[in-house]
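*Asks:* build me a structure from this.
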Amino acid sequence: MENSVLQVEGLSAAYRKNTVLDDVNFSIEAGTLTGIVGPNGAGKSTLIKSVLNLHPKLTGTVKFFGTDLKAVKKRIGYVPQRGSVDWDFPTNALDVVLMGLYGKIGWLKWPTNRDKQKAMEALEKVGMADYAKRQISQLSGGQQQRVFLARALVQDADLYFMDEPLAGVDAATERAIMTILKELKQAGKTVLVVHHDLQTVTDYFDHVLFLNRTVMAYGKTEEIFTKENIAKTYGGSILGLREENGHVIITRK
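*Replies:* Numbers count the residues shown, from 1 in each chain. So this is what the prediction gives:
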């Protein structure tokens with residue numbers, strides 16, 4: 001696709017010989033905000049990790065901006081699951097954000113004052129400037145998530161991958177994060193978000209990718225977020241589906 005920033009073809013991956021992704025195919029257009037949804041164990045996090053070469057692929061090809069990852073790595077930002085991070089590592093919030101700039105300044109060089117200013121601006125954007133010198137282990141879950149979002153923002157990437165950025169955060173943090181993600185989209189950036197709450201999909205994302213080991217459906221949220229696609233993707237984990245005023249109402253088991 002001419003406007004594609006990410007093209008995935010025939011992607012398969014496994015954990016301990018158990019296939020978790022099978023023949024995954026999709027193409028993401030520039031300037032979109034996509035929610036990746038599916039039941040537990042559907043392979044959502046594995047999809048992001050496999051695409052970014054953080055988990056080995058069994059089969060398949062992935063193209064970023066028409067080329068391979070290595071050629072465009074600086075144009076890509078990644079926010080991992082909060083639970084996968086060692087929060088006891090002795091560093092403060094500012095240093096975590098500065099790590100997002102190491103791809104540009106180099107690991108063996110000291111950050112300049114301008115680099116530190118950029119990092120502070122990113123912390124300010126996520127409402128964490130007052131916590132710049134605070135050890136990350138002393139921050140709440142929502143605050144930690146905001147710091148990791150700031151680390152991604154300081155990269156000024158063109159394509160962002162975010163693995164459950166809203167999991168376990170308070171309502172204020174959730175609103176703040178979604179405001180920033182929508183601002184990124186408005187600025188022409190492309191954002192893919194692993195998301196767990198079906199109730200907010202239509203409010204948060206303009207595109208949705210239903211995943212259960214393979215792509216069950218993908219496209220514009222207003223067209224794809226239907227009772228049929230939800231039932232096909234979640235199967236028995238969904239107790240009830242109904243439509244009210246054009247919205248899908250979901251009852252989970």
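
*Asks:* residues near the nearest residue to residue 132 once chain neighbours are set aside, how many?
*Replies:* The shortest distance from residue 132 to any non-neighbouring residue, by Cβ to Cβ, 6 or more residues apart in numbering, is to residue 94 (4.2 Å). Just so you know, the C-beta spots here come from the backbone N, C-alpha and C atoms, and that holds for glycine as well. By other Cβ atoms under 10 Å, 21 other residues sit near residue 94.

*Asks:* likewise residue 66?
*Replies:* Residues near residue 66, counting by other Cβ under 10 Å, number 12.

*Asks:* which ones are touching it?
*Replies:* The contact partners of residue 66, by Cβ atoms under 8 Å, 6 or more residues apart in numbering, come to 4, 7.

*Asks:* avg pLDDT for whichever strand or helix holds the residue nearest to residue 132?
*Replies:* Using DSSP states H and E, residue 94 sits in helix 93-98. Helix 93-98 shows a mean pLDDT of 92.

*Asks:* what do you get for stretch 148-155?
*Replies:* 91.

*Asks:* quick one: contacts of that stretch?
*Replies:* Under Cβ under 8 Å, 6+ apart, the answer for stretch 148-155 is 74, 77-80, 82, 85, 93, 96-101, 103-104, 118-119, 121-123, 125-126, 128, 160, 162, 165, 177, 180.

*Asks:* drop anything exposed from these.
*Replies:* 77-80, 82, 93, 96-101, 118-119, 122-123, 125-126, 128, 160, 162, 165, 177, 180 (16 or more other Cβ atoms under 10 Å).

*Asks:* helices and strands around the helix holding residue 94, which ones?
*Replies:* Helix 93-98 is packed against helix 113-125, helix 141-153, with contacts defined by 3 or more Cβ pairs under 8 Å, 6 or more residues apart in numbering; DSSP states H and E.

*Asks:* list the contacts of that helix.
*Replies:* For helix 93-98, the external contacting residues (Cβ under 8 Å, 6+ apart) are 111, 115-116, 119-120, 122-123, 128, 131-134, 136, 139, 147-148, 150-151, 154.

*Asks:* ok, stretch 36-49 next?
*Replies:* For stretch 36-49, the surrounding residues in contact (Cβ under 8 Å, 6+ apart) are 11, 13, 15, 20-21, 24, 54-55, 78, 81, 161, 163-164, 192-196, 198, 201, 208-213, 216, 233-235, 237.

*Asks:* which stretches of the chain form strands?
*Replies:* Ranges of strands within the chain are 4-15, 18-29, 33-37, 59-64, 76-79, 159-163, 190-194, 207-212, 214-220, 238-244, 247-252, based on DSSP state E.

*Asks:* roughly how far does the nearest residue to residue 182 once chain neighbours are set aside sit from residue 139?
*Replies:* Nearest non-adjacent residue to residue 182, counting by Cβ to Cβ, 6+ apart: residue 33, 6.6 Å away. Per Cβ to Cβ, to the nearest Å, residue 33 is found 26 Å from residue 139.

*Asks:* follow-up on the earlier one: what bridges to the residue nearest to residue 182?
*Replies:* For residue 33, the beta-bridge partners are residue 191 (DSSP bridges).

*Asks:* in this structure residue 61 contacts residue 9, no?
*Replies:* Yes: between residue 61 and residue 9 there is a contact at 5.1 Å, judged by Cβ atoms under 8 Å.

*Asks:* those two - which one has more neighbours?
*Replies:* residue 9 (14 against 11).

*Asks:* just to revisit the earlier point, roughly how far does the residue nearest to residue 132 sit from residue 149?
*Replies:* Relative to residue 149, and taking Cβ to Cβ, residue 94 is found at 14 Å.

*Asks:* quick one: contacts for residue 171?
*Replies:* By Cβ under 8 Å, 6+ apart, the contact set of residue 171 is empty.

*Asks:* distance of it from residue 7?
*Replies:* In this view, residue 171 and residue 7 are 36 Å apart by Cβ to Cβ.

*Asks:* can you check residue 72 too?
*Replies:* As judged by Cβ to Cβ, residue 72 and residue 7 stand 13 Å apart.
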